[in-house]
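Student: prediction below, plus the sequence it came from.
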Amino acid sequence: MQKTAPSASPGINHRAWYPFAFVDRNTRTFRVSFRIAEEATWDHRFHDMDGSEIGVDELELLQVDHRFIQSSCDHAVGNSNLRLSPPANGNGGAPFALAGTAASPA
């Protein structure tokens, strides 16, 4: 069952956190936030562990890594671990309890 952000309506910037951290090919740990579409996730953004947004060019990722991130986020939408509150665009709301858990495409 797909979960939606509370009071989601067009024009409102509701984002969700992927529930685990990722690690790039230089072992930099980062988080991903995204928007939820009907059948997939989109508008993936990358964040330091403190929640501040970072550019994709700051990470060492290959095309296969981007596909892994997309697939992981898509899979998380139906998962009960997905956190929709607080929204990811609150930045300070990154769940620090998950900071020690990382997903790696490598």
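Tutor: Here it is on my side, so go on.
Student: show me the strands in this protein, by range?
Tutor: 16-17, 21-23, 29-36, 41-47, 53-54, 102-103 (DSSP state E).
Student: ranking those by burial, who's on top?
Tutor: strand 16-17 (a mean of 25; mean count of other Cβ atoms under 10 Å). In this view, the C-beta of every residue, glycine as well, is placed from N, C-alpha and C.
Student: give me the mean pLDDT for it.
Tutor: Strand 16-17 shows a mean pLDDT of 91.
Student: against which helices or strands is it packed?
Tutor: Under the contact definition 3 or more Cβ pairs under 8 Å, 6 or more residues apart in numbering; DSSP states H and E, strand 16-17 sits against strand 29-36.
Student: CA atoms only for the strand it packs on - export them in CSV, please.
Tutor: Provided in CSV are the C-alpha atoms of strand 29-36 (Å, rounded to 0.1, in the frame of the first residue of the first chain):
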residue,chain,number,x,y,z
THR,A,29,27.8,9.0,3.5
PHE,A,30,24.8,10.9,2.3
ARG,A,31,21.0,10.9,2.5
VAL,A,32,18.4,11.1,-0.3
SER,A,33,15.1,12.8,-0.2
PHE,A,34,12.5,12.6,-3.0
ARG,A,35,8.9,13.3,-4.0
ILE,A,36,6.4,10.6,-4.5
